[in-house]
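Engineer: sequence plus the predicted model coming up.
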Amino acid sequence: MLIVLISPASFGAVISKEATTSCSNVDYALGWNARENAKRGDPAWSALVKKPLHGKISGWFGQTSASCGDDVDLHLSGNNRAVKITMYRMGYYKGDLARPIFTQLIPKIAPTLIPTILSNQTHLTSTHWPTTTTIHIDENYPTGVYMARFDDGGYAGYAPLIIRNDKITSDFVMVAATLTWQAYNTMGGWSLYHGPNPKIASPGTVVSFNRPYDRDGKSDYTINDAGIVQTLESMGLDTSYTDDIYLNNHPSTLLGHRTVIYDGHPEYWTSAMRDGAIAARDSGVNLLFLGANSAYWRVQLDGSSREITCWKGSPNDPNIANPLLITNKWGQYPTEFNESELMGASMAGIGVNGDYTVTNGDVWPILGSGLVTGDVIHGIVGKEVETTDIGIAPALQTFLSSSVSIAGTAFNVNLSYYTAASYAGVIDVGTSGWVCSITSTCSWKNSADANTKIQVLAITKQILLGSQLGPLGEYFAESANIPKRTKLAPICIGKCRTDLPNQLATN
C-alpha cells in the first residue's frame, strides 16, 4: 500500500515515516502552551462536506491514548475511494480551534466487514477491521486531544486520540472520559443503554473500543470537552492531557499535577480511578468536576482495556454478590461508596432546564468574575444535575444555587466547594450544562444565551486561575454553609424515588 505523509509545516514536503523519534525535543518549557496556540490553526477541521451522497467513512484507533514514541494503529472502512487522513490537535489557535499536524494520503480504502454482535446477554458489538495504517507519535505531537479526520469526498469521519506526556508535571491535567464516550456509543446497534430499538430497555452489558464512535465519530468531545479545552488553551495555562483508561492502569499519574480536571460528563469510573482521585486529593491535588453525573457507574475493564463491563446491578451479573467485582452504582449496595463522598454532591436526575442564581458574590471564585449576588445565569442548570441534599459528604460552601423538581421531588443544585485535610480543594459545578454552555453546544437546548456563555466563562477562568496556584485551601478558605452530611441507608435500593427522602440527613 502506498502511503504518503505530508507535513503542514513544510507545505507539501514528503516526510519519512521511518524518521528517528526525538521525544526529548518536545517543547514543554515554561509557556509552551501559549506558544503552541500562537501557531496557525485550520478552521476546516470541522468543515461540512459538499457531497453527502458519496457515503460515509469511519474508523477507530487501536488505543485510546498514546505518548511520544508509540505507534498507533488506525482501522478504517471506506468507499473504494482515495482518502485523506489529517491529524488535528484541538486547542484554541486564535479561534481556529485545531492545528493540523500531518496529512496522510491513501489511494483507496475498501469497505470492511460489518460488526459482529454476540447473541448472549452482553450484546458485545465490535469490528474486526484490519489495520489501514500505523501512525508514529513523535516530537511533533505535544500532549493534547487529537482528532483524525477522514475525507474521501463523502461525509467526513473522525476518531479521537489523547496524546499524553507521562514524564512531565503540569499545573493542570485534563482527563478525557473515554469510558463514558464508549458507554453511549451505539455504533453497530448496542450501547450500555439500549439495543437497535432505543424505545426498548434492552442494554448491552459489555461494549468494545474496537469500533468507531457513532454520529460523525467525534463522540462527546464537542459537547463535554471542547469548552474547557478551548478555555485552558486560550489562557495559555500549563496543561497536559490523559484519559481514564490510562488512569485505570496508572492512577498515581494524578499526583504529578496541581489540579485534575474532569469534563462535563465523566459518568463511568473504575475502582482504580476512584482510588486515584482520592489519593490525589489527600496529597494536596485539587479536583475540578466541571459537569454532572460524575463517578456514577462502577465498571470493570478486560485485560486489554478494550472492553467495558457494566451490568448496572442486574441480577444476571455473575459478580452480583462480590463487592470487589460487581458493576453497579457506586452508592448502591454492596459498594455504598456514594459519589458525594468525593465530590460533595450526588446525581439527582435528568431532564432539567433551569437557572443558577448567585448566592455569594463576595468571595472567590465569583469575586473577580463580574457577577454579583443576585445575578441569574439563565439556562445553565441541566440536562443532568447533581444535588447537595443526599448522601455522605463533607461540609460545603456554595456560590450558585438552583431549586429543581425531578419526578415530583424537589432538589437543591449548587456550585459547591470544600477543602480536604491536605488543603486540596474540590469543586463541583453540579450541572452537565456548564462546559457545553461555553461553546453553545448543549444537546438538550438550542444554544446558550449569549450572556450565559460570558458568565460561565468568567467564573471558569476564576476557578482555573485560583487552582493554578496550588492546593486551594491554602489560598481560599472554605466557609461552609451546608454542614457535613451522613447517609442513613443505602441509596436507590428498589425504587429510587421512594428511598430518597430517607437520605436527607445531616449531623
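Structural biologist: Right, received. Where do you want to start? Keep in mind it's a predicted model, so treat the numbers as computed, not measured.

Engineer: low-confidence stretches in the protein?
Structural biologist: For the chain, the stretches flagged by pLDDT under 70 are 1-21, 50-55, 446-448, 487-507.

Engineer: ranges for the helices of the stretch 151-300 of the chain?
Structural biologist: 178-183, 226-234, 244-249, 271-282 (DSSP state H, counting those that start in this stretch).

Engineer: for stretch 349-361, buried residues please.
Structural biologist: Of all the residues in stretch 349-361, those buried under the rule 16 or more other Cβ atoms under 10 Å are Gly349, Val352, Gly354, Asp355, Tyr356, Val358, Thr359, Asn360, Gly361. Bear in mind the C-beta positions are built from the backbone N, C-alpha and C, glycine included.

Engineer: what's opposite the closest residue in space to Ser65 that isn't next to it in sequence in the beta bridge?
Structural biologist: Ranked by Cβ to Cβ, 6 or more residues apart in numbering and with sequence neighbours excluded, the top spatial neighbour of Ser65 is Ile162, at 3.8 Å. Applying DSSP bridges to Ile162 gives these bridge partners: Ser65, Val145.

Engineer: in terms of contact, does Ile162 touch Leu247 like I think?
Structural biologist: No - here Ile162 lies out of contact with Leu247, judged by Cβ atoms under 8 Å, at a distance of 10.9 Å.

Engineer: quick one on the thing from earlier: so for Met90, which of the helices of the stretch 151-300 of the chain sits nearest?
Structural biologist: Met90 sits nearest to helix 226-234 of all the helices of the stretch 151-300 of the chain, at 5.6 Å, using Cβ to Cβ.

Engineer: can you pull the contacts of the residue most central in space within the chain?
Structural biologist: Centroid-nearest residue in the chain: Ala177, 3.3 Å away (criterion: Cα atoms, centre = their mean). Counting by Cβ atoms under 8 Å, 6 or more residues apart in numbering, Ala177 makes contact with Asp220, Asn224, Asp225, Asp243, Asp244, Tyr262, Asp263, His265, Pro266, Glu267, Tyr268.

Engineer: one more time with 10 Å
Structural biologist: The contact partners of Ala177, taken as Cβ atoms under 10 Å, 6 or more residues apart in numbering, are 183, 219-221, 224-225, 243-244, 262-269, 291, 294.

Engineer: quick one: which of those residues sit in strands?
Structural biologist: Asp243, Tyr262, Tyr268, Trp269 (DSSP state E).

Engineer: so which of the residues you listed comes closest to Thr205?
Structural biologist: Using Cβ to Cβ, the ones in strands among the contacts of Ala177 come closest to Thr205 at Tyr268, 12.9 Å.

Engineer: let me see the contact set for that closest one.
Structural biologist: With contact set as Cβ under 10 Å, 6+ apart, Tyr268 has these partners: 177-184, 192, 207, 244, 293-299, 308, 310, 327.

Engineer: just Asn79 next, same as before
Structural biologist: Contacts of Asn79 by Cβ under 10 Å, 6+ apart are His54, Gly55, Lys56, Ile57, Lys108, Ile109, Ala110, Pro111, Asp152, Gly153, Gly154, Tyr155.

Engineer: and for Leu396?
Structural biologist: 340, 343-345, 388, 414, 416-418, 426, 428, 478, 480-485.

Engineer: for it, grab phi and psi.
Structural biologist: phi -130, psi 150 (degrees, to the nearest 10).

Engineer: report the beta-bridge partner residues of it.
Structural biologist: With DSSP bridges as the rule, Leu396 is bridged to Ile482.

Engineer: Met347 versus that one, what's the distance?
Structural biologist: Here Leu396 is placed at a distance of 16 Å from Met347 (Cβ to Cβ, to the nearest Å).

Engineer: could you pull out the strands for the stretch 51-200 of the chain?
Structural biologist: Ranges of strands in the stretch 51-200 of the chain, per DSSP state E, counting those that start in this stretch, are 58-61, 65-67, 71-77, 81-90, 98-109, 116-117, 125-126, 133-136, 144-151, 157-164, 170-176.

Engineer: Gln462: which of the ones you listed is closest?
Structural biologist: Closest to Gln462 of the strands of the stretch 51-200 of the chain, according to Cβ to Cβ: strand 170-176, at 14.5 Å.

Engineer: so what's the gap between that closest one and the chain middle?
Structural biologist: Relative to the centre of its chain, strand 170-176 is centred 11 Å away, using Cα atoms, centre = their mean, to the nearest Å.

Engineer: OK, contacts around the closest residue to Leu324 other than its chain neighbours?
Structural biologist: Counting by Cβ to Cβ, 6+ apart, Ser271 is the residue found nearest to Leu324 once chain neighbours are left out, at 7.7 Å. Contacts for Ser271 (Cβ under 10 Å, 6+ apart) come out as Asn248, Pro251, Arg298, Val299, Gln300, Leu324, Leu325, Trp330, Thr335, Phe337.

Engineer: and the residues you listed, which is closest to Gln462?
Structural biologist: Closest approach between the contacts of Ser271 and Gln462, by Cβ to Cβ: Pro251, at 28.9 Å.

Engineer: right, and that closest one touches Val285 too?
Structural biologist: No - taking contacts as Cβ atoms under 10 Å, Pro251 lies outside contact range of Val285: 11.8 Å.

Engineer: now the common contact residues for these two.
Structural biologist: Gly276, Ala277, Ala279.

Engineer: drop anything exposed from those residues.
Structural biologist: The buried subset of the shared contacts of Pro251 and Val285 (16+ other Cβ under 10 Å) comprises Gly276, Ala277.

Engineer: closest to Ile463 out of the shared contacts of Pro251 and Val285?
Structural biologist: Closest approach to Ile463 among the shared contacts of Pro251 and Val285 (Cβ to Cβ): Ala277, at 17.5 Å.

Engineer: quick check: the closest one touching Pro251?
Structural biologist: Yes - the pair Ala277 / Pro251 is scored as a contact, 8.0 Å apart, by Cβ under 10 Å.

Engineer: look up how far Ser271 lies from Pro323.
Structural biologist: Distance from Pro323 to Ser271, counting by Cβ to Cβ: 10 Å.

Engineer: please convert the buried members of the contacts of Asn79 into ChimeraX selection syntax.
Structural biologist: Typed into ChimeraX, the line below selects the buried ones among the contacts of Asn79, using 16+ other Cβ under 10 Å:
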select :56,57,109,152,153,154,155
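
Engineer: could you dump the contacts of Asn79 to a markdown table with distance to Asp73?
Structural biologist: Below are the contacts of Asn79 laid out as a markdown table (distance: Cβ to Cβ, whole Å):
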| residue | distance to Asp73 |
| --- | --- |
| His54 | 26 |
| Gly55 | 23 |
| Lys56 | 21 |
| Ile57 | 17 |
| Lys108 | 19 |
| Ile109 | 14 |
| Ala110 | 17 |
| Pro111 | 19 |
| Asp152 | 20 |
| Gly153 | 24 |
| Gly154 | 23 |
| Tyr155 | 23 |
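
Engineer: chain center to the longest helix along the chain, what's the gap?
Structural biologist: Scanning the chain for the helix with the most residues, using DSSP state H, yields helix 450-467. Distance of helix 450-467 from the chain centroid (Cα atoms, centre = their mean) equals 19 Å.
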